[in-house]
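Q: My questions concern the predicted model and sequence given below.
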Amino acid sequence: MLVEGQTEETFVKAVLAPHLWGFEKAAEVTRVVTKWVQGRRAHRGGGSDYRKVEGDIRRLLASSPDAVTTLFDYYALPGDFPGQKTLPSGATCYQRAAHIEQAFAANIGDPRFIPNLVLHEFEGLLFAGPGVIAEVLREQARAADLEAIAAGHASPEEIDEGPETHPSRRIARILPGYEKARHGPRIAERIGVAGIRAKCPHFDQWLTRLESL
């Protein structure tokens, strides 16, 4: 699994890898390289352009795994990603993500590659358990505010991508003490895989495919 940063890496190790082990799948995770420095370790994590992402994927495929997949936020995805310039107008967030994933797969051109974008970002998955977010941050009195956001959308994955309304911004506005790397994986682990996939169809579709490899 190629991921964006420390939060996603911890999420895979603490939540997804143990789950997939139950399906006899061993999941390894690595963060995308953002900078190569000759003679030194690569810098990993954070935003990146598509050229670096593509290079990482091809290097991982060259190591002969059964499959390579990604865990990247759809929100603020670099504009040079395949499919970004041909997004269909009027499409739903699910259709837009599928369009980019299909273009992504076509660009890599390897049947072992399973592209995956998180709608709209990692924190969207956390809204599968809004009360848990408040509980982990010991702010139970603000649970109703988070629950109201979740109730306003058919799925947590549909919480939008505006600069002031994307999921992590909404959490930070209600709970200023939220720290992505510190709290995000703990919240996800407490919600559990079953709780997340029950409310996040895109995530569920991706995980089902990994389970069935």
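A: Received the coordinates, thanks.

Q: who does the strand ranked longest in the chain touch, helix- and strand-wise?
A: The longest strand of the chain (DSSP state E) is strand 68-73. For strand 68-73, the packing partners by 3 or more Cβ pairs under 8 Å, 6 or more residues apart in numbering; DSSP states H and E come out as strand 2-3, helix 50-62, strand 113-114, strand 117-118. Bear in mind the C-beta positions are built from the backbone N, C-alpha and C, glycine included.

Q: same thing but at 7 Å, please
A: The helices and strands touching strand 68-73, judged by 3 or more Cβ pairs under 7 Å, 6 or more residues apart in numbering; DSSP states H and E, are strand 2-3, helix 50-62, strand 117-118.

Q: Redo those as a markdown table? Include mean pLDDT, mean neighbour count and distance to residue 22.
A: Formatted as a markdown table, those follow (pLDDT from 0 to 100; neighbours: other Cβ atoms under 10 Å; distance: least, Cβ to Cβ, whole Å):
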| stretch | mean pLDDT | mean neighbour count | distance to residue 22 |
| --- | --- | --- | --- |
| strand 2-3 | 96 | 22 | 21 |
| helix 50-62 | 95 | 16 | 23 |
| strand 117-118 | 97 | 24 | 22 |
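
Q: Which among those is found nearest to residue 157?
A: strand 117-118 (8.1 Å; Cβ to Cβ).

Q: and the following helix or strand past the longest strand of the chain, how far from the chain's centre?
A: For strand 68-73, the following helix or strand on the C-terminal side (DSSP states H and E) is helix 93-108. Averaging C-alpha positions (Cα atoms, centre = their mean, to the nearest Å) puts helix 93-108 14 Å from its chain's average.

Q: what do you get for stretch 7-21?
A: How far stretch 7-21 lies from its chain's middle: 12 Å, per Cα atoms, centre = their mean.

Q: pLDDT (mean, whole number) over it?
A: For stretch 7-21, mean pLDDT rounds to 97.

Q: ok, now stretch 97-109?
A: Mean predicted lDDT for stretch 97-109 stands at 98.

Q: Show me the contact partners of that stretch.
A: Under the criterion Cβ atoms under 7 Å, 6 or more residues apart in numbering, residues 57, 74, 81-84, 87-88, 91, 113, 115-117, 119, 202 lie in contact with stretch 97-109.

Q: if we can go back for a sec, TSV please, covering the helices and strands packed on strand 68-73 and showing distance to residue 133.
A: TSV is the format used below for the helices and strands packed on strand 68-73 (distance: least, Cβ to Cβ, whole Å):
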stretch	distance to residue 133
strand 2-3	21
helix 50-62	29
strand 117-118	16
